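Student: Dropping the sequence and predicted coords here.
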Amino acid sequence: MKQVRKAIIPAAGLGTRFLPATKAMPKEMLPIIDKPTIQYIVEEAVEAGIEDIIIVTGKGKRAIEDHFDHAFELENNLAEKGKLKLLEAVQRSSKVDIHYIRQKEPKGLGHAVWCARRFIGDEPFAVLLGDDIVQAEVPCLKQLIHQYESTGGSIIGVQPVADSETQRYGIIDPIAKEGRLYQVRTFVEKPPAGQAPSNLAIMGRYILNPEIFRFLDLQEEGAGGEIQLTDAIRRLNEIQNVYAYHFQGVRYDVGEKLGFILTTLDFAMQNSELRTQLLEEMEKMVRKQSQAIG
Ligand code: G1P
């Protein structure tokens, strides 16, 4: 069995949910505390043993390339001033080898992945979506790679969501379960409310066999008029087993405003330099609000 060495990170979305912040800045560069969201994703891939990363970008995404490049002036400046912790943090973002390719038209996630087909070639590969950050003892992607190594089939990361949320996600229709691994009857992208076959939602982490490109090559439009990765996965599952894995860890949704704010607060609570003061300030805020209401 071939090893999973390569990863695709699609980052071509327009980021309309965060306008006007994303008018001139890629949404992937919005920080949680002091680190752009895309760096959390890249670090997870590296911790899972990925050697080569390709980021699929679009218009106005140059800041991502600059971020993962060496910043000699800044690094020299920090070194001269003895700010070694900051220097290490800055250098961490330029240690991985990252490749870039442009998605020329915004045709959807399936199309973004298809744009990287030549980079992937005939190997299994990972896809990580930037709207989902996962905190876990064993990095989420590593958990999926372990499952790939024991099954040889594509593995889709899932977690349960509330019934009211299923129409926002790709949803699996499970057949059988062994531990946290599911055999899947079919995959549905954003089923209409009340019609989801389960509440197990695809959470932005995939290990895919290269045969997926046979189906992405067809360029068929699905939900929302876009070329959907979930549709190609459903087709792939018809010719070889595609599994879903309920990964361990906490998943943060940084693709929408409330999720982004909650993630920032949760990460700040885990930060010893911020926690105490943040708690005090939040208590004050809560008191003020309750007085306003009461
Ligand atoms: C994409 C996928 C969907 C998945 C979701 C996870 O949707 O198409 O299957 O559940 O990411 O975040 P998007 O949120 O880009 O519309």
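Tutor: Ah, there it is.
Student: contact partners of the longest helix belonging to the chain?
Tutor: Scanning the chain for the longest helix, with DSSP state H as the assignment, gives helix 275-293. Helix 275-293 has contacts (CB atoms under 8 Å, 6 or more residues apart in numbering) with L265, A268, M269. In this view, the C-beta of every residue, glycine as well, is placed from N, C-alpha and C.
Student: now it, how far from the chain's geometric center?
Tutor: Offset of helix 275-293 from its chain centre (CA atoms, centre = their mean, to the nearest Å): 32 Å.
Student: Okay, buried residues for it please.
Tutor: For helix 275-293, burial by neighbour count (16 or more other CB atoms under 10 Å) applies to no residue.
Student: thinking again about what came up before, just the buried ones from the contacts of helix 275-293, in ChimeraX syntax?
Tutor: The buried residues among the contacts of helix 275-293 can be selected in ChimeraX (16+ other CB under 10 Å) with this line:
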select :268
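Student: Next, format the contacts of helix 275-293 as TSV and append distance to the ligand and secondary structure.
Tutor: Below are the contacts of helix 275-293 laid out as TSV (distance: CB to the nearest ligand atom, whole Å; DSSP: H, G, I helix; E, B strand; the rest coil):
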residue	distance to the ligand	secondary structure
L265	20	helix
A268	23	helix
M269	23	helix
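Student: Next, the contact list for the closest residue to the ligand within the stretch 51-200 of the chain, please.
Tutor: Nearest residue of the stretch 51-200 of the chain to the ligand, counting by CB to the nearest ligand atom: G170, 2.5 Å away. For G170, the contact set (CB under 8 Å, 6+ apart) comprises F187, V188, E189, K190, A201, I202, Q228, L229, T230, I233.
Student: Over to Q240?
Tutor: Going by CB under 8 Å, 6+ apart, Q240 touches G153, S154, N209, E211.
Student: Taking those residues together, which two end up most distant?
Tutor: Farthest pair in those (CB to CB) is G153 and E211. Separation: 10.7 Å.
Student: Please say which of those two ends up with more neighbours.
Tutor: G153 (21 against 15; other CB atoms under 10 Å).
Student: which phi and psi does the closest residue to the more buried one other than its chain neighbours have?
Tutor: Excluding the flanking residues, the one nearest G153 by CB to CB, 6 or more residues apart in numbering is N241, at 4.3 Å. Main-chain dihedrals, N241, degrees, to the nearest 10: phi -60, psi 130.
Student: N241 reaches Y148, doesn't it?
Tutor: No - here N241 does not reach Y148: they are 11.6 Å apart, not a contact under CB atoms under 8 Å.
Student: These two: which is more packed in?
Tutor: More crowded of N241 and Y148, by other CB under 10 Å: Y148, with 23 against 13.
Student: Could you pull up the residues touching the more buried one?
Tutor: Contacts for Y148 (CB under 8 Å, 6+ apart) come out as V4, P124, S154, I155, I207.
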